[in-house]
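Enquirer: Pasting the sequence and the predicted coordinates here, then a few questions.
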Amino acid sequence: MIEPGVVRGQWWRGLADGRVQCGLCPRRCKLREGQRGFCFIREARSGGMVMTSYGRASGFCIDPIEKKPLNHFYPGSSVLSFGTAGCNLGCRFCQNWDISKARDDDCLQSWASPAGIADAAAEHGCKSIAFTYNDPVIFAEFAMDCAALARERGIKTVAVTAGYIDPGPRREFFADMDAANVDLKAFTEDFYHRLCFASLAPVLDTLRWLKRETRVWLEVTTLLIPGYNDSEREIEQLCQWFAANLGPDVPLHFTAFHPDFKMLDVPPTPLDTLIRARRQAIGAGLHHVYLGNLDHLRAQSTYCPECGALLIERDGYRLGRWNLDNSGCCCACGARLSGCFDPRPGHWGPRWERVSIFPEIPHYGGPPS
């Protein structure tokens, strides 16, 4: 470590004109000495690339795995969640903009090592650690070290990401991850270009790769924004691509937009829009389609794709009836439910607890004075 919070970055190359080109995500930012990339936390320094938020976080908390959202990954369990600062997308509708649009010095007040984070998760009985709130792709070195040490301690890891990452780093980043929820922002290049300052194609490539080439448990979330990505035609195209490329058993979450950041003039998503999108997805052959950011008991619960029996009842983040046997199969017909399940559900519920991880500050020399 060069200084507290700063480590030599991976995935970069020097250019003939003296600039450094980042190779982590499709932006491939070209930076002169002292410049930072679009993400705010990767900087050209001393002829190379550094990451400036290693071991730093905007805070640690324990919350329900369903909040990520992951409905088929150890339901009812608790997850130790944290993020850093910055993002490699520029979503105008970002609902964590105070973190994703912050520079590292603005909001990173907590310090911990990967070992300290893994130990804290174990001490608090968390099934998993989630890299969330901002995209973990930009703090990949930190997330990868956390994931490797968590695996040694029997703790699972979850990446909540937009999937905007190049193929080489992607392989390394997901090597020790156990689950991912990927935000599929929309299904048009125009939306990604105008509202996210990014591109759709690399995200679709990441989704296909995760499903076909890895054992990472995958769920996908699309935030439906009125007038921007919620048309019947676009949702139909999204669902057809989803069924053909990811298959019927990958869960898809449609979530409700609420006005935020630079889209305060856009109304919240009507319930009817979400219900229609769910109906379209089921009509396209998807087995597990959920609605989020609203109260809709049926659209939050899990049903057997073979016989239609209720398998996991949900009311918000609280679980109700549980009709899976010890091997994760339907108690009514014996069909196996896709996902990762313990013999019995967790009982964390809707609680949220802040966690402080103090002992690691001396290990990193403390924050800069």
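Expert: The structure has been received and is ready for your questions. Numbering: from 1, shown residues only.

Enquirer: elements contacting the longest strand seen in the chain?
Expert: The longest strand of the chain (DSSP state E) is strand 217-224. Packing contacts for strand 217-224, counted by 3 or more C-beta pairs under 8 Å, 6 or more residues apart in numbering; DSSP states H and E, involve strand 179-183, helix 201-213, helix 232-245, strand 252-256, helix 271-283. Where you see a C-beta, it was placed from the backbone N, CA and C, and this is true even at glycine.

Enquirer: Need the residues that contact the longest one.
Expert: By C-beta atoms under 8 Å, 6 or more residues apart in numbering, the surrounding residues in contact with helix 232-245 are 184, 186-188, 204, 207-208, 211, 220, 222, 224, 250, 252, 276-277, 280-281, 283-286.

Enquirer: Return the alpha-carbon coordinates of that helix using CSV.
Expert: Extracted in CSV, the C-alpha atoms of helix 232-245 (Å, rounded to 0.1, in the frame of the first residue of the first chain):
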residue,chain,number,x,y,z
GLU,A,232,-44.8,-2.8,-23.8
ARG,A,233,-42.5,-3.2,-26.8
GLU,A,234,-39.3,-2.6,-24.8
ILE,A,235,-40.3,-4.9,-22.0
GLU,A,236,-41.3,-7.6,-24.5
GLN,A,237,-37.9,-7.4,-26.2
LEU,A,238,-36.1,-7.5,-22.8
CYS,A,239,-38.1,-10.6,-21.7
GLN,A,240,-37.6,-12.4,-25.0
TRP,A,241,-33.8,-11.8,-24.8
PHE,A,242,-33.8,-12.8,-21.2
ALA,A,243,-35.6,-16.1,-21.9
ALA,A,244,-33.3,-17.0,-24.8
ASN,A,245,-30.0,-16.1,-23.2
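
Enquirer: Turn the helices and strands packed on strand 217-224 into JSON lines, including mean pLDDT and distance to Ile62.
Expert: As requested, these are exported to JSON lines (pLDDT from 0 to 100; distance: least, C-beta to C-beta, whole Å):
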{"stretch": "strand 179-183", "mean pLDDT": "98", "distance to Ile62": "17"}
{"stretch": "helix 201-213", "mean pLDDT": "98", "distance to Ile62": "26"}
{"stretch": "helix 232-245", "mean pLDDT": "98", "distance to Ile62": "31"}
{"stretch": "strand 252-256", "mean pLDDT": "97", "distance to Ile62": "21"}
{"stretch": "helix 271-283", "mean pLDDT": "97", "distance to Ile62": "28"}
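
Enquirer: Tell me where the stretch 251-369 of the chain is predicted with low confidence.
Expert: 358-369 (pLDDT under 70).

Enquirer: for the helices and strands packed on strand 217-224, which one sits closest to Gly34?
Expert: helix 201-213 (27.7 Å; C-beta to C-beta).

Enquirer: Give the buried residues for that closest one.
Expert: 202-207, 209-211 (16 or more other C-beta atoms under 10 Å).

Enquirer: Distance to Pro26 added to those residues, as TSV?
Expert: TSV is the format used below for these (distance: C-beta to C-beta, whole Å):
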residue	distance to Pro26
Pro202	5
Val203	9
Leu204	12
Asp205	10
Thr206	10
Leu207	14
Trp209	14
Leu210	16
Lys211	19
